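>>> Need a 3D model of the sequence below.
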Amino acid sequence: MSPASRRASRSLLPVIVVLSVVLAGLLAVIVRRETRSTGTATVAAARPLPAPEPTARPSTAQVRRATAELDRRSPGRDTSAWSVRGARARATSVPILMWHVVATPKPGTPYPDLWVTPEQFAAQVDALRGAGFTAVTTEDLWKAWHGTGTLPRHPVVLSFDDGDLSHVTNAAPVLARAGWPGVLNLAVNHLGPKGLPMWGARRLVREGWEIDSHTVDHLDLTTLDDAALAEQLTRSRMLIERRLGVSTRFLCYPAGRNDDRVRAAARQAGYVAATTVVPGIAAPTDDPFQLPRIRVGPTTTPESLVDQARGTAAPPTVVGPA
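Next up, the predicted model:
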């Protein structure tokens, strides 16, 4: 290289350094714009896991009929006959059933296996009642398993994932007629006009439903970095308490996705137990952060549901979105 060329190269060096700094800054801006903040942590380009589309918005008259039916049918919970306590309660296995949408899907609706019609749901609940089952909450079974609560002779948990309008308009009236609570696993970002309206969530709380965490954004927790994982777990508990006035210490993993790191983070975030989509009946000897459930779908007959809840028939294997 000639002396002139070397002098030219040296004169360009400061320019190259400045351009490098500018490009690095631009790149940082682009990365920040391609991530989305969920509070104090940032979730990088994470997309929510598949979930059923929200049910159609009802008319004002339909909402009034649903709330009037709840007012008319809600006798409240009666636990006076619950007699299973002590060592027997601590050893009682409890089926945790899982529904998603309780409504009639339109043709072409994505994930129709996550929909159960109101008529099917009513028949399923009637069959459970006829077989002697009584609905309890996750809190009920947790206290009984740890020696501080009682259970009915044949307890069952009825859980509903995500947060959908049909939970208050179609599922809640059926449970109110029986004096049963439900357990709503709420993805907080489903709370609103495109999922479960605020008035509906508050009505479920009034009906005695337990509200548990399904995280904020229904993301695959196993794919998040540590900060984003902690944010999904802690912020969902905080938002549920702030918006609905109830506290929760139970988690439902979105689509059941969990691993050792996720379970450790859930403990760190203050949860005491978590449910999965692994089929089975929950037992007090199970890992509390890997409790199984039984999915209920449109092909689940009332008779088969009773058999699965009793443990005399194998529950279906979960395939696809959960």
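>>> going forward, measure contacts between C-alpha atoms and count neighbours the same way
OK.
>>> what sits against residue 131?
residue 306 (Cα atoms under 8 Å, 6 or more residues apart in numbering).
>>> any idea how far residue 245 is from it?
In this view, residue 131 and residue 245 are 35 Å apart by Cα to Cα, to the nearest Å.
>>> gap between the nearest residue to residue 127 once chain neighbours are set aside and residue 130?
Distances taken as Cα to Cα, 6 or more residues apart in numbering put residue 302 closest to residue 127, at 5.6 Å, once the chain neighbours are dropped. Computed as Cα to Cα, the residue 302 to residue 130 distance reads 10 Å.
>>> cool, and residue 162?
28 Å.
>>> Settle this for me: residue 118 is touching residue 169, isn't it.
No. In this structure, residue 118 is not within contact of residue 169 by Cα atoms under 8 Å, at 9.6 Å.
>>> Comparing those two, which residue is more hemmed in?
For residue 118 and residue 169, the more surrounded residue by other Cα atoms under 10 Å is residue 169, and the numbers stand at 23 against 18.
>>> Doesn't that one lie inside a helix?
Yes. Assessed by DSSP: H, G, I helix; E, B strand; the rest coil, residue 169 belongs to a helix.
>>> Would you mind listing the residues in contact with residue 183?
Residue 183 neighbours (Cα under 8 Å, 6+ apart): 137-138, 157-160, 209-212.
>>> Residue 263 touches residue 289, doesn't it?
Yes. Counting by Cα under 8 Å, residue 289 is a contact partner of residue 263 at 6.4 Å.
>>> re the thing from before, ok, residue 302 and residue 130, which is more surrounded?
More crowded of residue 302 and residue 130, by other Cα under 10 Å: residue 302, with 18 against 11.
>>> on that earlier part again, what is the nearest of the contacts of residue 183 to residue 144?
Nearest to residue 144 out of those is residue 138 (Cα to Cα; 9.9 Å).
>>> Fine, thanks again, bye for now.
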